[in-house]
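Undergrad: Structure for this input, please:
(2 chains)
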Amino acid sequence: DAEITQSPRHKITETGRQVTLACHQTWNHNNMFWYRQDLGHGLRLIHYSYGVHDTNKGEVSDGYSVSRSNTEDLPLTLESAASSQTSVYFCASSDPGRASTDTQYFGPGTRLTVL
Amino acid sequence: DAKTTQPTSMDCAEGRAANLPCNHSTISGNEYVYWYRQIHSQGPQYIIHGLKNNETNEMASLIITEDRKSSTLILPHATLRDTAVYYCIVRVRGSQGNLIFGKGTKLSVKP
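TA: Numbers count the residues shown, from 1 in each chain, chains lettered A, B, ... in the order given. As a prediction, this is how the structure comes out:
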């Protein structure tokens, strides 16, 4: 079955280290999104992509970057991890080309702790 | 996207219908109502969406008032596994872009 996966599911890192979170979907969706979820803030958009080589900044993009070299993957990189980036990260995808729905499908999340 | 208002929390007895309300008084003509839920520690899950007619699928029913200013998500026979935060989102279908999640309603299904 088609799905969206994230890895790792849990990550502990130190301040200043570079960290990359993986997101892979097998639906062949053009649109992919990265959100973070913190208590009291709900889900906030970090970056998104509408297709290969397309990337866009979201509401809370500072300190994060993404690249889209193929349809299936949108890795999220924290250039120099900070304690304020301790959060749960969700990846999502959608296909606006489908007539039935443009709903977003979410991955299981990655819990990142920056010490 | 129009703003939505939902109660902070609700309780429901297992096996009974759970009726979750949402107000969206500023909804415009081309905006759909979407419902998602998030079970603890999991990613949000799509439930159902509609424009103006009532909709039903294997998970739930969506009732939208005639003036479209409010809607109700109905889980016909709630189970303990339906305990989650339920989000009502209004947006133009196919408008691209992210979903804007509010605070949602924390539904607790009790035995």
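Undergrad: Give me the neighbour count for residue 108.
TA: As the question left the chain open, I've gone with chain A. Using other Cβ atoms under 10 Å in any protein chain shown, residue A:108 is surrounded by 15 other residues. To be clear about C-beta, it is placed using only N, CA and C from the backbone, and glycine gets the same treatment.
Undergrad: try chain B instead
TA: 14.
Undergrad: just residue A:35 next, same as before
TA: Around residue A:35 there are 28 other residues, counting by other Cβ under 10 Å.
Undergrad: where in chain B is pLDDT low?
TA: Low-confidence segments of chain B, defined by pLDDT under 70: B:1-2, B:93-97.
Undergrad: Excluding chain neighbours, what is closest to the residue most central in space within chain B?
TA: With distances taken as Cα atoms, centre = their mean, chain B has residue B:35 as the residue nearest its mean C-alpha position (3.5 Å). The shortest distance from residue B:35 to any residue other than its chain neighbours is 4.3 Å, reached at residue B:47 (Cβ to Cβ, 6 or more residues apart in numbering or on different chains).
Undergrad: Quick check: which element contains the one you found?
TA: strand B:45-50 (DSSP states H and E).
Undergrad: and the residue of chain A nearest chain B?
TA: residue A:106 (3.2 Å; Cβ to the nearest Cβ).
Undergrad: is it true that residue A:19 touches residue A:78?
TA: Yes - A contact is recorded between residue A:19 and residue A:78 when judged using Cβ atoms under 8 Å, the distance being 4.5 Å.
Undergrad: which one of these two has more residues nearby?
TA: Neighbour count, other Cβ under 10 Å: between residue A:19 and residue A:78, residue A:78 has more, with 21 against 18.
Undergrad: what separates the more buried one from residue A:110, distance-wise?
TA: Using Cβ to Cβ, to the nearest Å, one gets 11 Å for the distance from residue A:78 to residue A:110.
Undergrad: what's the overlap in contacts for these two?
TA: Counting by Cβ atoms under 8 Å, 6 or more residues apart in numbering or on different chains, the contacts common to residue A:78 and residue A:110 are residue A:21.
Undergrad: what distance separates the start and the end of stretch A:47-62?
TA: Stretch A:47-62 stretches 10 Å from its first residue to its last (Cα to Cα, to the nearest Å).
Undergrad: Mind listing what's buried along that stretch?
TA: A:47-49, A:55, A:58, A:60-61 (16 or more other Cβ atoms under 10 Å in any protein chain shown).
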